[in-house]
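> with the input below, show me the fold.
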Amino acid sequence: MAKTSNNGDSNARPLNIHWFRQTDLRLHDNPALCRSVELSTGKKAKKVVGAAPTPSSSMGSPGILPVFVFDTSRIYGSNVRSDLGCQKCGPRRAQFVLDAIADLRSNLEKRGSGLIVAVGKPEKVLAEMAKGALAQSSVNVNVVCQEEVCSEELDVDKAVRAELAKAMSKGSKFNFETVWGSTMYDPESLPFDGDVMGIPDTFTPFRNKVEKNCEIGVPLDVPSDAELKMPNDVKSIVSESKCHASLDYMPKLADLGYSREDIESVSSVDSRSAMPENYRGGETFALARVKDYIWDKDLLKVYFDTRNGMIGSNYSTKFAPWLAHGNVSPRHIAQECRRYEKVRVENKSTYWVVFELLWRDYFKFFAKKQGNKIFHLGGTIGKGDHVNKRKWGMDPKHVQAWQDGMTGYPLVDANMRELAATGFMSNRGRQNVCSFLTIDMNMDWRYGGDYFEETLLDYDVHSNWGNWCSGAGMTGGRLNRFNIVKQSKDYDFGGEYVRLWCPELKNVPDKFVHEPWKMSDALMEECGVKVGPGRDYPSPIVDPTITPNIMGGGGRGGGRGG
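Purely as a prediction, here's the structure:
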């Protein structure tokens, strides 16, 4: 738990602001929210493995001011872009967040509370909330939020502290706390010297030691209605603040700065989408999806066998978008898996879902340990000598062809088209398109991470950039090249997935659907598709007979890999 404060009048009125971030949009098992309750009521939450450390006693009085800010200076809007050129948050994910915030507000209102929603810079909005209370009396401001570990989020934390400090009048003070959340395991429970900073740089030794020595914590309860009570003068505080904030206003995509074209592009759901039917962002749908997948459809017991599928909503859990936004707690999912094992069956599938959640934990810990290295071209191996290091290429036309699903490799193209159309891609697909861009095409891997940041519904800064850095070989592990044609035949043998997303190949025989460049002109004519530059479907963007140099190639051959 990080904490910053300044001195003030001990008799001043407490103002407890709970700042919901992009990654903890829920009421259940929310350690930061429970800390806000503690400050407001003086009551300590139950201590569980993985929960925030028990705080010292507080002189706070009842009342929490829940706030969410759509940051249109750093995250939202068609023109808010990264240094590499992609949107920081595409319109599809922005709509998911809008849905999640509407759901969070509704759930708070059902408990007699509410949610202040604002558009602008979080540091300005939070400082204005404090000023709104200061207009009436001296206040001691407590601002609590979930702890984040990457540079952009930490810069926002720094800005919040600075603006709060400027907002304080004589006799008032502020306290800014960040509380760890979003993982199954608490950093303090990790069995490594130095906690997070002592974790191994590869997953397997981390997994082995954690599974042997650590216990997943019991989820924290949803605070009671009384504990979530807002200050009696909340409306006055909001009205006195000079920012675009309201207890009933909910922005739309246009209000967040998205263009008409962007808004129209996500106005409907593609019928081919693998997302659950009528999905929405928010805790309500998240908990329903967990129940539906595990209990109602009874799919947990077959997860291991179906997880490499690519068509339909039930080959995998599809929990990721809701996990990424904190709509559901990983500890809640793990608890449901353990309960399922006791009530129904325990097998490799029930273990594997929790195993995947442990990967997610690892990448957040890894991001905290490595800092900005996971965003750098040289990754965590840096400038030293390493077998995986190579001279990266950067051809904008090649990167664009990869983004557009026009590489001439049907499996890659189908996955990239699915991502663009739906915001989702299977785990198998992600591994293949990452391998293809970074190894076969040898393009700067950061452009892949950047595009995924824009387009993924389930974008999670730690998992996304950690996976891309690792997939490119820049974390120092084994460089694993996926043989695209072999993967295609292994996981889409009859070409059903490829034909779904590359309809120009719908009449191509199974024998050639994953290698259409091998068809004769006569067969192309018969199938009604012409393969080649400027034709119905492109020729392979890289020669399929040449092994990439980094894999010891330069000559002919299909290369190694899965």
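> for the stretch 251-400 of the chain, which segments are assigned as strands?
Using DSSP state E, counting those that start in this stretch, the stretch 251-400 of the chain contains no strands.
> can you list the weak-confidence ranges in it?
Residue ranges of the stretch 251-400 of the chain with pLDDT under 70: none are present.
> the residue lying closest to His28 once chain neighbours are set aside: what secondary structure?
With sequence-adjacent residues excluded and distances taken as CB to CB, 6 or more residues apart in numbering, His28 is closest to Val222, at 5.0 Å. From N, CA and C alone the C-beta is placed, and that goes for glycine too. The assignment at Val222 comes out as coil when based on DSSP: H, G, I helix; E, B strand; the rest coil.
> ditto for the one 3 residues further on
Three-state assignment for Asp225 (three-state DSSP): coil.
> quick check: the residue nearest to His28 touching Leu27?
Yes - the pair Val222 / Leu27 is scored as a contact, 4.7 Å apart, by CB atoms under 8 Å.
> taking the centroid of this structure, which residue is nearest it?
When the chain is reduced to its mean C-alpha position, the nearest residue by CA atoms, centre = their mean turns out to be Asp460, at 2.1 Å.
> my guess is that one contacts Gly326. True?
No - Asp460 is beyond contact range of Gly326, at 9.9 Å (criterion: CB under 8 Å).
> list residues touching both of those two?
With CB atoms under 8 Å, 6 or more residues apart in numbering applied, the overlap between the contact sets of Asp460 and Gly326 consists of Thr23.
> distance of the residue nearest to the centre of the chain from Gly181?
13 Å (CB to CB, to the nearest Å).
> with Glu109 instead?
If you go by CB to CB, the gap between Glu109 and Gly181 works out to 23 Å.
> quick one: which of these two has more around it?
Taking Glu109 and Gly181 together and counting by other CB atoms under 10 Å, Gly181 has the greater number of neighbours (29 against 13).
> ok, the more buried one to Asp404 distance?
37 Å.
> equivalent analysis for Cys434, please.
If you measure Cys434 against Asp404 using CB to CB, the figure is 17 Å.
> comparing the two, which shows the higher neighbour count?
Set side by side, Cys434 and Asp404 show unequal neighbour counts under other CB under 10 Å, the larger going to Cys434 at 21 against 13.
> measure that one to Tyr303 for me?
Cys434 sits 22 Å away from Tyr303, going by CB to CB.
> got it, and Arg339?
With distances taken as CB to CB, Arg339 is found 15 Å from Tyr303.
> now do Ser313
Relative to Tyr303, Ser313 is positioned 13 Å away (CB to CB).
> then Thr183?
Following CB to CB, the distance that separates Thr183 from Tyr303 is 21 Å.
> more neighbours, Arg339 and Tyr303?
With neighbours defined as other CB under 10 Å, Arg339 and Tyr303 compare such that Tyr303 has more, 23 against 12.
> can you tell me, leaving aside adjacent residues, what's nearest to that one?
Among residues not flanking Tyr303 along the chain, Ser349 sits closest, at 4.1 Å (CB to CB, 6+ apart).
> what residues does the one you found make contact with?
Neighbours of Ser349 in contact, by CB under 8 Å, 6+ apart: 300-305.
> again, but for Phe375
With contact taken as CB under 8 Å, 6+ apart, Phe375 is in contact with 151, 446, 449, 465.
> show me which of those are buried.
When burial is judged by neighbour count using 16 or more other CB atoms under 10 Å, the buried members of the contacts of Phe375 are 446, 449, 465.
> per-residue pLDDT of the first one, please?
Read that as Arg446. The model reports Arg446 with a pLDDT of 98.
> show me what counts as buried in stretch 501-512.
Of all the residues in stretch 501-512, those buried under the rule 16+ other CB under 10 Å are 501-502, 504-505, 508, 512.
> out of these, who's nearest Ala167?
Closest approach to Ala167 among the buried residues of stretch 501-512 (CB to CB): Trp501, at 51.5 Å.
> read off the pLDDT value for the closest one.
The per-residue pLDDT reported for Trp501 equals 98.
> and if you look at the one 10 residues further on?
In the prediction, the pLDDT value recorded for Lys511 is 97.
> state the distance from it to Tyr537.
Relative to Tyr537, and taking CB to CB, Lys511 is found at 16 Å.
> show me how far stretch 137-153 is from its chain's centre.
A distance of 21 Å separates the C-alpha centroid of stretch 137-153 from that of its chain, computed with CA atoms, centre = their mean, to the nearest Å.
> list the buried residues of it.
For stretch 137-153, the buried set under the neighbour-count rule, 16+ other CB under 10 Å, comprises 138-150, 153.
> can you report how many residues lie near the closest residue in space to Thr317 that isn't next to it in sequence?
Counting by CB to CB, 6+ apart, Tyr293 is the residue found nearest to Thr317 once chain neighbours are left out, at 5.5 Å. Neighbours of Tyr293 under the rule other CB under 10 Å: 23.
> Tyr293 against Val302, yeah?
No - proximity of Tyr293 to Val302 does not meet the contact threshold set by CB under 8 Å, at 10.9 Å.
> sorry, back to before: what separates the residue nearest to Thr317 from Arg280, distance-wise?
Applying CB to CB, one obtains 16 Å for the distance of Tyr293 from Arg280.
> I appreciate the help and will end here.
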